[in-house]
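Trainee: Return a 3D structure for these sequence lines:
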Amino acid sequence: MRADAKTTGRPMDVIAAEIEYHKRQNNIVLASALPSIVFFACLYFYLQKYFHFALFIIWLVDIFAGITINRRLKTIPAVTLNKRITAGIGFTLLATNLLVGLWDAAIYYIVLPWCFLFPMIAVMFFGRKTGLVTSFLFCVLAVTFFLINDVPPLEGRAVILLRLNTVIVLISALLHTSIYEKTRVKIQDELAVSKNEYRLAEQRERETNIELTQEMERRREAQKALAESELHYRALFEESAVALWDESWPEFKKLLDGLPDEARSNLDSYFNAHPGVISQYTPLLKVNSVNRAALKLMEADTQADLLEKLPRQFALDKSGFLARRIASLYRSGSFDTEIVAYTLKGKKRHLLISSSIPAGYEQSWAKVFSSIYDLTERIELEEEKKRMEQQMQGARQFQAVATLAGGIAHQFNNALTIIFGNLDLLEMITQGSPQNRKILTSLKTSAERMGRLTEQLIAYARGGKYQPQDFSINVLVNSIVNSKAILRDSGKQVVTRLGEDIPLTFGDTTQIKMVVEAVVANAFEAIGNGGTVLIETGHRLIEDRDIAPQWPARPGEYIFVCIEDDGAGMNEEVLQRIFEPFFTTKIYGRGLGMAAAYGVIKNHDGFITVESKETWGTKVFIYLPGMYVLRQTDSPEQIRH
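Mentor: Predicted coordinates:
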């Protein structure tokens with residue numbers, strides 16, 4: 001069947017239908033001959049004419065073999081050849097039976113009527129050329145046999161056989177001529193229809209030629225208009241303020257069309273499963289031209305320079321941009337996305353890329369147009385706006401806590417004034433009693449501690465640097481570690497790792513001390529028995545590229561204090577809210593919290609960062625701007641107690 005398709009150029013289903021038609025016709029002809037053959041085989045066997053009986057048995061075998069072979073044939077030439085071989089054997093056996101029967105007086109009048117039907121059937125079955133040759137040869141032999149052989153007497157059983165076979169022959173002739181005439185009329189009708197269709201085809205051809213001439217004229221005009229439009233397009237393309245790319249991907253489109261249906265229906269999944277396809281076939285993505293705005297955007301001197309380096313950038317695409325772009329274009333014919341890209345000189349750009357396939361190129365992808373918009377300035381403004389909003393939010397939070405702290409400090413101060421006055425009066429009244437003096441001393445110590453706390457609250461509430469001075473962070477950390485401000489449980493320890501040659505910083509030591517004590521106290525609460533709190537100091541140079549968006553910092557030299565614990569740590573949700581006022585993970589809050597610490601450090605032109613993971617502990621970095629390097633020989637008495 002494939003050979004027929006290649007030879008005739010017709011579709012496979014048409015050829016298959018034609019083969020089935022020929023096979024069915026062969027089977028019908030062969031099957032229709034079976035009753036007559038079986039009848040005459042039985043008749044000759046009854047008459048004890050075994051030679052003729054054998055001829056009809058062979059004919060039956062020929063018919064069954066032809067039907068069996070016919071079912072397995074797959075091409076029209078093979079079916080036709082099988083038909084000719086089977087028919088040739090059958091007609092040869094029939095002719096032999098008829099000619100030999102003319103020599104046998106017992107069956108002479110059986111075969112005689114069939115001799116007149118044989119030529120007609122041969123012409124009708126084999127056609128004009130082969131049928132006439134077959135009929136001519138049979139007639140020559142039959143006439144010869146008639147002339148040289150004596151005609152047996154017509155009597156008795158011979159009369160019955162002659163009449164019977166004459167009737168059968170007449171009926172067969174009537175059937176065959178009816179079928180032949182019906183077929184002839186059908187063919188004539190089809191021929192008439194074909195002639196009419198031919199005349200109509202000629203008329204349509206003349207009309208088509210006229211239309212073709214007109215179309216050629218219109219095409220010449222269209223080509224002229226297209227040339228003018230192309231000049232106009234090139235002018236708009238080159239002068240556009242938007243970066244434009246003109247690409248051509250016909251070979252890549254053919255590659256995509258050749259993929260299995262499942263892959264083409266979901267190209268995103270296919271490219272994810274076969275990541276090497278994009279880099280392998282990147283050379284098929286041709287860029288025809290780019291305009292001047294695109295060269296400026298990509299910081300390329302010439303178009304040749306850009307197109308030379310562009311395939312390398314495509315091949316190094318790690319974000320899946322090309323895969324998503326190709327999948328979207330194949331799916332919907334358009335693609336829009338925002339990406340981060342780099343110019344040929346390495347400058348970072350935020351780009352909006354819009355690609356589409358113009359009308360008329362949907363099947364070939366010979367044209368793919370892309371517009372590229374530079375969003376870098378807008379994105380940077382949005383990031384700056386977001387950073388400012390975060391800073392304003394922090395300032396509002398700090399102001400809220402500062403207002404609350406100021407109110408509390410004012411009430412504490414009023415109460416402590418009365419307490420100190422009454423304690424002085426009681427001390428004057430009870431001068432002679434050592435026991436009373438001991439009680440009053442204890443009360444006065446507690447009141448003084450409350451006074452210091454009030455001073456811290458007032459310092460925090462006022463903001464800025466209440467009593468600023470130069471101081472060493474190492475001295476401040478040592479004073480905190482050696483003081484009783486940190487309540488240490490048994491089994492918990494503090495380890496210090498103080499850096500050398502650390503610059504001095506400038507600020508209110510009371511406020512800074514309060515911040516460090518609060519963070520250290522939080523670290524002690526986070527660790528269990530046997531836990532360790534590490535306090536580390538040092539200094540580092542922070543440049544522009546080191547500053548995170550959420551850091552309110554300027555480039556320069558900073559000293560830092562790192563308080564690290566090996567406690568339970570915090571999850572991401574808690575870490576995001578750590579600087580919110582009054583936020584706590586405990587049942588009862590304590591102290592001013594990290595919001596107050598953030599505000600104090602910010603007022604000193606510093607910043608705080610927190611690193612934490614669950615089960616990994618927490619690191620809090622307190623950064624303060626440095627001034628100059630303090631040598632180990634410098635006096636540590638610069639710290640205010």
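Trainee: In the stretch 251-400 of the chain, where is pLDDT below threshold?
Mentor: 310-319, 391, 394-395, 397-399 (pLDDT under 70).
Trainee: which residues of it fall in helices?
Mentor: 261-265, 267-273, 276-280, 292-297, 303-315, 321-332, 376-429 (DSSP state H, counting those that start in this stretch).
Trainee: Serialize these to JSON lines and add fields for mean neighbour count and distance to G617.
Mentor: Every C-beta, even on glycine, is put in place using the N, C-alpha and C of the backbone. What follows is the helices of the stretch 251-400 of the chain, written out as JSON lines (neighbours: other C-beta atoms under 10 Å; distance: least, C-beta to C-beta, whole Å):
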{"stretch": "helix 261-265", "mean neighbour count": "11", "distance to G617": "49"}
{"stretch": "helix 267-273", "mean neighbour count": "15", "distance to G617": "38"}
{"stretch": "helix 276-280", "mean neighbour count": "14", "distance to G617": "42"}
{"stretch": "helix 292-297", "mean neighbour count": "18", "distance to G617": "47"}
{"stretch": "helix 303-315", "mean neighbour count": "14", "distance to G617": "42"}
{"stretch": "helix 321-332", "mean neighbour count": "18", "distance to G617": "39"}
{"stretch": "helix 376-429", "mean neighbour count": "14", "distance to G617": "25"}
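Trainee: will you turn these into CSV that also has distance to V495?
Mentor: Formatted as CSV, these follow (distance: least, C-beta to C-beta, whole Å):
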stretch, distance to V495
helix 261-265, 60
helix 267-273, 49
helix 276-280, 52
helix 292-297, 54
helix 303-315, 50
helix 321-332, 49
helix 376-429, 31
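Trainee: To N196, which of these lies closest?
Mentor: Nearest to N196 among those is helix 261-265 (44.2 Å), distances taken as C-beta to C-beta.
Trainee: Give me the distance from that closest one to the chain's centre.
Mentor: 11 Å (C-alpha atoms, centre = their mean, to the nearest Å).
Trainee: in the chain, which residue is closest to the centre?
Mentor: For the chain, the residue nearest the mean C-alpha position is D268 (0.8 Å; C-alpha atoms, centre = their mean).
Trainee: thinking again about what came up before, let me know which of the helices of the stretch 251-400 of the chain is the nearest to I168.
Mentor: Between those, helix 261-265 lies closest to I168; by C-beta to C-beta that is 61.9 Å.
Trainee: Run through who's touching that closest one.
Mentor: Outside helix 261-265, the residues within contact range by C-beta atoms under 8 Å, 6 or more residues apart in numbering are L256, D257, Y270, Y330.
Trainee: tell me the two of those residues that are most distant?
Mentor: D257 and Y270 (13.3 Å).
Trainee: Spit out the residues that contact the two alike.
Mentor: With C-beta under 8 Å, 6+ apart, D257 and Y270 have no common neighbours.
Trainee: Which residues are in contact with the nearest residue to the residue nearest to the centre of the chain once chain neighbours are set aside?
Mentor: Leaving aside its sequence neighbours, D268 sits nearest to A327 (C-beta to C-beta, 6 or more residues apart in numbering; 4.8 Å). Contact analysis of A327 by C-beta under 8 Å, 6+ apart lists L267, D268, F271.
Trainee: so what's the second one up against?
Mentor: The reference is to D268. A323, R324, A327.
Trainee: same deal with A65?
Mentor: T86.
Trainee: other SSEs contacting the host helix or strand of S612?
Mentor: Assigned by DSSP states H and E, S612 belongs to strand 607-613. Here strand 607-613 touches helix 593-603, strand 617-629, going by 3 or more C-beta pairs under 8 Å, 6 or more residues apart in numbering; DSSP states H and E.
Trainee: any idea of the mean pLDDT for stretch 416-425?
Mentor: Taken as a whole, stretch 416-425 has an average pLDDT of 81.
Trainee: now it: how far from the chain's centre is it?
Mentor: 79 Å.
Trainee: what's it in contact with?
Mentor: L440, L443, K444, A447, M450, G451, T454.
Trainee: which residues of the stretch 401-550 of the chain score low on pLDDT?
Mentor: Looking at the stretch 401-550 of the chain by pLDDT under 70, you get 401-402, 405, 431-432, 452, 455-466, 484-491, 544-550.
Trainee: hang on, the earlier thing: next, report how far the strand holding S612 is displaced from the centre of its chain.
Mentor: Counting by C-alpha atoms, centre = their mean, strand 607-613 comes out at 38 Å from the chain centroid.
Trainee: what is the orientation angle of that strand with helix 593-603?
Mentor: For strand 607-613 against helix 593-603, the angle by axes from the mean of the first three to the mean of the last three C-alpha atoms, to 10 degrees is 140 degrees.
Trainee: tell me which residues of strand 607-613 are tucked away?
Mentor: Of all the residues in strand 607-613, those buried under the rule 16 or more other C-beta atoms under 10 Å are F607, I608, V610, S612.
Trainee: roughly how far apart are F64 and A33?
Mentor: 11 Å (C-beta to C-beta, to the nearest Å).
Trainee: ok, the two, which is more surrounded?
Mentor: A33 (16 against 13; other C-beta atoms under 10 Å).
Trainee: Mind telling me what element the more buried one is part of?
Mentor: Counting by DSSP H and E, A33 is part of helix 12-46.
Trainee: how about G626, what does it touch?
Mentor: I502, P503, L504, T505, H539, G556, E557, Y558, I559.
Trainee: which residues does the residue nearest to it when sequence neighbours are not counted bridge with?
Mentor: Nearest non-adjacent residue to G626, counting by C-beta to C-beta, 6+ apart: P503, 3.2 Å away. Residues in a beta bridge with P503, per DSSP bridges, are V629.
Trainee: Is it correct that P503 is in contact with L624?
Mentor: No. The criterion here is C-beta atoms under 8 Å, and P503 misses it with L624 at 9.5 Å.
Trainee: Locate the residue of this protein with the greatest distance from its centre.
Mentor: Outermost residue of the chain (C-alpha atoms, centre = their mean): P153, 96.1 Å.
Trainee: Which of the three states applies to that one?
Mentor: coil (DSSP: H, G, I helix; E, B strand; the rest coil).
Trainee: how close does it get to L162?
Mentor: On the measure of C-beta to C-beta, P153 and L162 end up 12 Å apart.
Trainee: Equivalent analysis for G90, please.
Mentor: For G90 relative to L162 (C-beta to C-beta), the value is 24 Å.
Trainee: Neighbour count: the two, which is higher?
Mentor: G90 (21 against 16).
Trainee: list the contacts for that one?
Mentor: A33, W59, D62, I63.
Trainee: and the residues you listed, which two are the farthest apart?
Mentor: Checking the contacts of G90 with C-beta to C-beta, the most distant pair is A33 and D62, at 10.1 Å.
Trainee: now the helices: where do they sit in the stretch 501-641 of the chain?
Mentor: Under DSSP H, counting those that start in this stretch, the stretch 501-641 of the chain gives helices at 509-526, 572-576, 593-603.
Trainee: Nearest approach to R378 belongs to which of those helices?
Mentor: So among these, helix 572-576 is nearest, using C-beta to C-beta, at 26.2 Å.
Trainee: Just put the contacts of G626 in a markdown table and tack on distance to V287.
Mentor: Shown next, in a markdown table, are the contacts of G626 (distance: C-beta to C-beta, whole Å):
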| residue | distance to V287 |
| --- | --- |
| I502 | 56 |
| P503 | 54 |
| L504 | 59 |
| T505 | 56 |
| H539 | 51 |
| G556 | 45 |
| E557 | 48 |
| Y558 | 47 |
| I559 | 53 |
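Trainee: domains for the chain, by residue range?
Mentor: Structural domains assigned to the chain are 2-198, 240-374, 381-462, 465-638, following automatic domain parsing.
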